[in-house]
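> attaching a predicted model along with its sequence, questions to come.
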Amino acid sequence: MRIKIDPLDALFSKYIRMKAHWKCERCGNTPARRGLHCHHFERRRKQSTRFDPDNCLSLCLGCHQFFGENREEEELFMINKLGADRFNMLRARARTPQKPDRQAIRLWLKEELKKYET
């Protein structure tokens, strides 16, 4: 099944990858830009964390597949990246059934991307 990517998803994915300086956050590789993925720890269907930068990583295809098959390794990586407190807050946000304000996120992302495009 192909994942449906709308324009806001594409903008957010670009932000996550630019924020990571177009590198895989797990292995450090810099594959071609199409080779980097925006990986969601709490899956995309959880609207409350879908556009949460703490929830996402820039990963190469191999690392993306690795985390998809090794949930415990993925969780340890996220705890090390965020720290226990931020990780626990992310988990709490993911359990909150809340739809994001897509317009506010779009405006915020456009401002954030300007920081990386200079």
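Sure thing, it's come through.

> what's the longest helix anywhere in the chain in contact with?
Ranked by residue count, the top helix of the chain under DSSP state H comes out as helix 102-117. Helix 102-117 is contacted from outside by 8, 11-12, 14-15, 18-19, 51, using Cβ atoms under 8 Å, 6 or more residues apart in numbering. Placement of C-beta: from N, CA and C, glycine included.

> reformat the residues you listed as CSV; add secondary structure and distance to A104.
Listed next are the contacts of helix 102-117 as CSV, based on DSSP: H, G, I helix; E, B strand; the rest coil; distance: Cβ to Cβ, whole Å:
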residue, secondary structure, distance to A104
L8, helix, 11
L11, helix, 13
F12, helix, 13
K14, helix, 18
Y15, helix, 14
M18, helix, 20
K19, helix, 19
F51, coil, 10
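
> which intervals of the protein have sub-threshold pLDDT?
Low-confidence segments of the chain, defined by pLDDT under 70: 1-3, 33, 118.
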